[in-house]
Every structure is written in structure tokens, then in C-alpha cells.
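# below is the structure, and that's it, no one-letter string:
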Ligand SMILES: NC(=O)N[C@@H](CC(=O)O)C(=O)O
Ligand SMILES: [Zn+2]
Ligand SMILES: [Zn+2]
């Protein structure tokens, strides 16, 4: 079986920086026309100036001949000014501003403790039509880690939408039935990205035969009923849901540790993993809109003009990839993926 799709884009990607970025970037360039590049570097990308410099480093690291276009984002802090938001809009290369609740995930310490403290920037974003990209989990350590997304909807997301109903928002890497249903029922200015790993795995994958650090990411994998709700949303044909891998590389030693980092690396097999999930759901005919149409429509960008071809053919994922001086263990390392994207 062969599948030809309009070239997809990745609407949620971590490229890191320096040698790590140079190691992972070619994987994304092979498949994706564009990617929304997350700003959680050390230090975070909080200004248009920093985003411009980061963008240049990415462009310079592209493989020869690659037309890949990085779509930059800023990291929202409690001191982000309305002026910086307007500057971002005017730049033409900043496509979103990312809300990390402080402490919620990797490099989120400089994020927002209380959304009320970021209102100046948020109001300016609503005014100029700059999308807010949200890591939607509360950080209260008293809230069960599996409930943090659902609690975020009621305590942060919905109050924000009440206050700024016209704000364009992408609920990033949704993992629960509650989030899928919330986004499906929301107005057209609210959308969501869904990762391949949350479509393919439930929380049992964290403990199959022992603890599996390479299956740990945030928001953490959830129960089967949530996975099923995500599959339903992704394959529903609704334009509110689109592809965002959240491919998040961490060196092997940082994952295989007493306190391992959150994030799965999937960029090397991104579209193939999504094809598996859509095929399992009997919905391969819905893959192209999810991967290649809905994202550009939300972000007000044209669809990619060229195509990619997928073959129904198994291949073995390498047990590790090089990651600068380190090793990177991709999802399915040493195991098989059942679709293959032609080079
Ligand atoms: N998803 C993850 O588990 N990790 C991401 C951060 C994020 O997207 O929350 C990372 O930067 O490593
Ligand atoms: Zn996140
Ligand atoms: Zn992410």
C-alpha cells in the first residue's frame, strides 16, 4: 500500500540548540515543510531578537537543498510587554507565544506563575491576533499528576477564554478526554495539537515489564479511555485538531536516570507513527487533513505545495541515534515501525 500526502508540518517541535539541534534537525527536514519551534531553551527565547537569532541558527543548520521553514515562538513570562507582542506580530516570523505554567515541564521555571500577571501581553495578543500556545497543566503538587490537564481546563483555560474570548489558542499536546471534548466544543479560535505517542500508547506503556523512562513525557501518558478520545478527535475530520509531534530530545543519560527528563523523540519517524495510529483507527483517509491542512488553516498560512509518499513497509528503528557527543534513544528504538516515508 502506498499513500501520497501533501507535505505535512509539525505544529509543536523541540529542536534545542547547538550540536543537539544540528543532530535532530535533518529528521524533521526530511518530512516536514515547516515546524512551530518551541522556545524552552536555556535561557528561554523571550524576545523577538532572540527568536531571530535562533531562527538564523536553524536555517544555517538545514541540510543542503532543504526548504524547511522554522516558525518561531516566544516564551511568555510575567514581564512580556505589549510592545514585544506587537513587535512579534510585525516580525512575520514569530507565529505564537508559548505559555508554560512555571514548573510544569522542561525549562519552564521562567514561565508564568499566575496568568493574571501576564494579562498585558495576553490582551495585546488577543488584539493583534497572535496565537497563544499552551502547555495545559496546573503545577500544584497537591493535584494528582494524571489530573493536571483536566484541572487546568477548569481553573485556567476556561477563565482565560471568558476574559479574552477572541484570543487564538492552541491547547498543545492534549492527553485527555476532557481536553479533546473541551476543544471540540469551543469556538473556532481554539484548536489543539495531538502527538503520535499519545495516539499510540496509554499509561501501561510506562510500566511494561519494568519502568520505561523513554515512555515518560509531559503531560504523562493517560488511561486507555483518554487515548481512545484522542484518536476519535484526531480522526473526526474536525479542523480543530492537527499534528504536533512534541518530539523532545533528551540525551540517553538524562532519560535513564534516577530523576529522568520528560520527553520522547519521535521526529525520525513522525509521519509514519501517525500513519500507524490512523490506520489502526481505520481512518487513513483523515490523515492528510490532520497532518497537512488543519494546521496551516489555523495559523493563516498556505498549505505546502509538494507531497510525501508513505509505503506500508516495516523497518527497524535504530537502537540509538547520535546527539552531539551523546546518544539519543528514539521511540520504538530497536523495534519496528510499520510505515516508511520515502526520502
Ligand atoms: N513534552 C515533554 O515531555 N517535554 C518537553 C516540554 C514540553 O513540551 O512540555 C521538553 O522540552 O523536553
Ligand atoms: Zn509541553
Ligand atoms: Zn513540547
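Now that the structure is in, tell me what you want to look at. Not measured: the values here are computed from a predicted model. Ligands and ions are numbered 1, 2, ... in the order given.
# tell me the contacts of the residue in the chain positioned nearest to ligand 2?
Minimum separation of the chain from ligand 2 (CB to the ion) falls at residue 135, amounting to 3.6 Å. To be clear about C-beta, it is placed using only N, CA and C from the backbone, and glycine gets the same treatment. Residue 135 makes contact with 98-101, 104-105, 108, 172-173, 218, according to CB atoms under 8 Å, 6 or more residues apart in numbering.
# ok, it to residue 288 distance?
Distance of residue 135 to residue 288, computed by CB to CB, to the nearest Å: 27 Å.
# just to revisit the earlier point, go back to the contacts of residue 135 and keep what's next to ligand 1.
Among the contacts of residue 135, the ones lying near ligand 1 by CB under 6 Å from any ligand atom are 105, 218.
# make CSV out of the contacts of residue 135 and add distance to residue 31 and pLDDT.
CSV is the format used below for the contacts of residue 135 (distance: CB to CB, whole Å; pLDDT from 0 to 100):
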residue, distance to residue 31, pLDDT
98, 23, 98
99, 27, 98
100, 26, 98
101, 30, 97
104, 28, 92
105, 24, 90
108, 27, 93
172, 20, 98
173, 18, 98
218, 24, 98
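# so which bits of this structure are right by ligand 1?
For the chain, the residues in contact with ligand 1 (CB under 6 Å from any ligand atom) are 14, 40, 105-106, 135, 217-218, 246, 248, 262-263.
# got the contact list for residue 187?
residue 165.
# can you pull the phi and psi angles for it?
phi -60, psi 170 (degrees, to the nearest 10).
# what segments of the stretch 151-300 of the chain are helices?
Ranges of helices in the stretch 151-300 of the chain, per DSSP state H, counting those that start in this stretch, are 158-163, 177-185, 196-200, 224-234, 252-255, 270-280, 287-288, 294-299.
# after the last one, next one along is what?
Tracing the chain past helix 294-299, the next element assigned as helix or strand by DSSP states H and E is strand 307-311.
# buried ones in that next one?
In terms of neighbour count (16 or more other CB atoms under 10 Å), strand 307-311 has its buried residues at 308, 310.
# how about stretch 34-53?
34-41, 44-48, 50-51.
# ok now that stretch, how far from the chain's centre?
14 Å (CA atoms, centre = their mean, to the nearest Å).
# stretch 5-21 too?
The answer for stretch 5-21 is 9 Å, by CA atoms, centre = their mean.
# what average pLDDT does that stretch get?
Averaged across stretch 5-21, the pLDDT comes to 98.
# please apply the same query to stretch 222-241.
98.
# how about the contacts made by residue 134?
Contacts of residue 134 (CB under 8 Å, 6+ apart): 98-99, 157, 169-172.
# mind running it again at 6 Å?
By CB atoms under 6 Å, 6 or more residues apart in numbering, the residues touching residue 134 are 99, 171-172.
# which non-adjacent residue is nearest it?
Leaving aside its sequence neighbours, residue 134 sits nearest to residue 99 (CB to CB, 6 or more residues apart in numbering; 4.8 Å).
# that neighbour reaches residue 75, doesn't it?
No - the criterion here is CB atoms under 6 Å, and residue 99 misses it with residue 75 at 8.9 Å.
# counting neighbours, what do you get for residue 120?
Residues within reach of residue 120, counting by other CB atoms under 10 Å, total 16.
# list the contacts for the residue nearest to residue 134?
Neighbouring residues of residue 99 by CB under 6 Å, 6+ apart: 76, 112, 132, 134.
# and these, which are buried?
Here, 16+ other CB under 10 Å leaves 76, 112, 132, 134 buried among these.
# what pLDDT is listed against the first one?
Read that as residue 76. 98.
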